[in-house]
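# Need a 3D model of the sequence below.
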Amino acid sequence: MAHSIKNNLVIFALLIVCIPLIIADINIITPSGKIYTGSLITISWQIYGQPPTNPGLLKIESRSTGQSTLIDDNLNLQALSKIWNVSVPEDNYFLSINYDSSENISGDFTILQNTSTASGINFTVIIIVIIVGCIVIFIPIFGGILFLKKWRKKESEEIPGIDNININNKSIPSTHIYNEKYSVVVFT
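Sure thing, here's the model as predicted:
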């Protein structure tokens, strides 16, 4: 009888050591930091024991409503990560991976509503880009106009002694006649 108890203890010890090598345990790493709808996140997990060869099912579940959203129904568990575009509304969530007949869940995390535009660019950034673009375009134009006005000088002198102008044999009275000259400074 002592021999059979000893054999049973050896078998029991082997089972304790070997079963974790046969049955996999998956630990989902809880996402951290600020997570916004529309952003890309990496969902990752660790496998302890023999990695499952069958695909798993990855889903996200709302803690407040219980609504479940499927992320991947053919999850390659040996990849140890999955990139996902967050497509659920603001709430508290947890992830679950189902494989064979096991379900493993992550800790809770929060997804926040994205306040950016559809392209992911903040509205304030768009306004700043438009203002800077206008400044870049209009400063050289206005600078050029001011430059030309400043360097283009009008010189005029009155021609004395002419009181009338004759055009086609018609005399037009004039009080002042000017001889106008323009000079432009050109830089080369």
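# what about the nearest residue to Ser62 once chain neighbours are set aside, how many neighbours?
Distance criterion CB to CB, 6 or more residues apart in numbering; nearest residue to Ser62, sequence neighbours excluded, is Asp91 at 4.9 Å. All C-beta spots, glycine's among them, are computed from the backbone N, C-alpha and C. Asp91: 17 surrounding residues under other CB atoms under 10 Å.
# Show me what Asp91 is bridged to.
Beta-bridge partners for Asp91, by DSSP bridges, are Ile111.
# tell me the domain boundaries of the chain?
Using automatic domain parsing, the domain parsing of the chain gives 2-112, 123-184.
# Quick check: mean pLDDT of the longest helix seen in the chain?
Secondary structure of the chain per DSSP state H: the longest helix is helix 123-151. Average pLDDT, helix 123-151: 75.
# Could you do stretch 29-37 as well?
pLDDT averaged over stretch 29-37 gives 89.
# Name the residues of that stretch that are buried.
By neighbour count with 16 or more other CB atoms under 10 Å, stretch 29-37 contains the buried residues Pro31, Ile35, Thr37.
# contacting residues around it?
Residues from elsewhere that reach stretch 29-37 (CB atoms under 8 Å, 6 or more residues apart in numbering): 41, 43-46, 86-90, 94-95, 106-114, 116.
# what about 10 Å?
For stretch 29-37, contacts defined as CB atoms under 10 Å, 6 or more residues apart in numbering pick out 41-46, 60, 80-81, 84-91, 93-95, 105-116, 120.
# Now the terminal residues of that stretch, how far apart.
Distance across stretch 29-37, first residue to last, is 19 Å (CA to CA, to the nearest Å).
# Could you do stretch 83-99 as well?
Termini of stretch 83-99 sit 19 Å apart (CA to CA).
# ranges for the strands of this structure?
Counting by DSSP state E, the chain has strands at residues 25-29, 35-36, 40-48, 56-62, 68-75, 81-85, 91-99, 102-105, 109-112, 152-158, 164-167, 170-173, 178-184.
# Tell me which of those strands lies nearest to Ile139.
Nearest to Ile139, of all these, is strand 152-158, at 20.1 Å by CB to CB.
# any idea how far Gly143 lies from Leu40?
Computed as CB to CB, to the nearest Å, the Gly143 to Leu40 distance reads 44 Å.
# do Asp72 as well
Counting by CB to CB, the gap from Asp72 to Leu40 is 14 Å.
# Neighbour count for the two, which is higher?
Each of Asp72 and Leu40 has its neighbours counted (other CB under 10 Å); Asp72 has more, 15 against 8.
# Help me confirm that that one comes into contact with Asn85.
No - here Asp72 lies out of contact with Asn85, judged by CB atoms under 10 Å, at a distance of 11.9 Å.
# in the chain, what spans have low per-residue confidence?
1-4, 6-7, 9-24, 116-123, 146-188 (pLDDT under 70).
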